[in-house]
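Undergrad: next one to model:
(one chain, ligands or ions: 1)
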Amino acid sequence: MTRVVTTIAEVRQIVRAWRAAGQTVGLVPTMGYLHEGHQSLIERSVADNDHTVVSVFVNPTQFGPNEDLESYPRDLEHDRALVEATGADVVFHPTPAEMYYPNRRTTVHVDELGSELCGKSRPIHFDGVCLVVSKLLNIVTPDRAYFGQKDAQQLLIVRRMVRDLSFGVEIVGCPIVREADGLAKSSRNTYLSDEERAAAVVLSRSLAAGRAVLEGGERRASAVRQAVLDVLAAEPLAAPEYVEVVDTDDVNPVETVEGEALVAIAVRIGGTRLIDNFFFTPEV
Ligand code: AMP
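TA: Got it, this is the predicted structure:
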C-alpha cells in the first residue's frame, strides 16, 4: 500500500529506515495530476532502486504572478492510485507551509542557463525549480532522481546545479512520452478545448520538420528555426512564443549546429502555453 506522507520529518524517518537496511532510494519530483509521462519516470525509478518516493507538490515559487498556480489541476487520489499501481512506496505531498518557512532567505540560482527559452517569459521560474529540487534532494536524499526530457531546460539546469553544488545524487533523464498523434503528454493538456487539442499536434509536427532539415545535413540554426516556424504558421490557433536552437551546456542560441543541440519551442494554443523539444547531435 502506497503511503501518502505530508511532513518532512516523516519522510526523513522512512528513508532513514531504508538506509539502515542498506537499500537504495529513487525520487521522482512532480506537480501531480499524474499521466503516463510521470508514470514512465516512476517505472524507471522502481526498476533502478529498492524504494521510490514520488513527490506531488505544486510549487508556488516557480509560478509567476499571472500564471496558473491556483488553477493548476490537482487530484491526489488519482495520483496515489497511479503511484501505487506503478509500484512506488511513498507519495510525499507537503503543504506550501511545510515546505517554505515565511522568513526563508536562501535562494538557489543557476546563472545564465535559466535566462533563455522559457526563462524569457518566466523570469523567476527556474530559481523556483532549483529551490524546490534542492529541498527535495535534501529531504529525501535519494541515490537517483528522475526528470523528463519534456522539460529539457529544467533537466539541463538541474544537472548543472547538482554538479556545481556537489549533490550526491545521480540525475536520470527520461524520454518524452507522447499521445498517439505526437502531442507530448502534459498535465496542462487538460486546459485544451477539443478544437485546441486537435491543433496542438502542430508542435510535434513542426519539430519533425526541423529534425528533417537537420537530418538532411542543414546546420544553420536559422534554417532549422524557419522550417519549424513555417509549420506553426499554417495552424491559425498556434501563437509561437519561441523557436530556438541552443547548445546543451549553457543553453545559449547557436548560429550553427556543431555539437549537441536542443531545438525547443513554446507555443500558445488558445490560452494554454505548451512546450516541446528534441536533442540533435551531428555525426562527425
Ligand atoms: P510536472 O509534474 O509537469 O512538473 O513534471 C514532473 C516530471 O515529469 C518532470 O521531470 C517532467 O519533465 C516529467 N514529465 C512531464 N511530462 C512528461 C512526458 N510527457 N514525458 C516524460 N516526462 C514527462
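Undergrad: confirm Glu218 sits in a strand?
TA: No: read with DSSP: H, G, I helix; E, B strand; the rest coil, Glu218 is coil and lies in no strand.
Undergrad: my guess is it contacts Val224. True?
TA: Yes: contact criterion Cβ atoms under 8 Å: Glu218 and Val224 qualify, at 6.4 Å. Heads up, the C-betas are built off the backbone N, CA and C, glycines and all.
Undergrad: between those two, who's got more neighbours?
TA: The neighbour comparison of Glu218 against Val224 (other Cβ atoms under 10 Å) goes to Val224, with 26 against 16.
Undergrad: any idea how far the more buried one is from Asn252?
TA: Separation of Val224 from Asn252 (Cβ to Cβ, to the nearest Å): 16 Å.
Undergrad: look at the most centrally placed residue in the chain and give its secondary structure.
TA: Central residue of the chain (Cα atoms, centre = their mean): Asp151, 3.4 Å from the mean position. State at Asp151, reduced to three classes by three-state DSSP: helix.
Undergrad: what sits closest to it if chain neighbours are left out?
TA: Nearest non-adjacent residue to Asp151, counting by Cβ to Cβ, 6 or more residues apart in numbering: Ile275, 7.3 Å away.
Undergrad: now the strand or helix carrying that neighbour: mean pLDDT?
TA: Assigned by DSSP states H and E, Ile275 falls within strand 272-280. The average of the pLDDT scores along strand 272-280 is 98.
Undergrad: what do you get for stretch 45-63?
TA: What stretch 45-63 shows for mean pLDDT is 98.
Undergrad: which parts of it are buried?
TA: Neighbour-count burial for stretch 45-63 flags 45-46, 49, 51-59, 61-63 (criterion: 16 or more other Cβ atoms under 10 Å).
Undergrad: centre of the chain to stretch 244-258, how far?
TA: Remark: stretch 244-258 is offset 19 Å from the chain centroid, using Cα atoms, centre = their mean, to the nearest Å.
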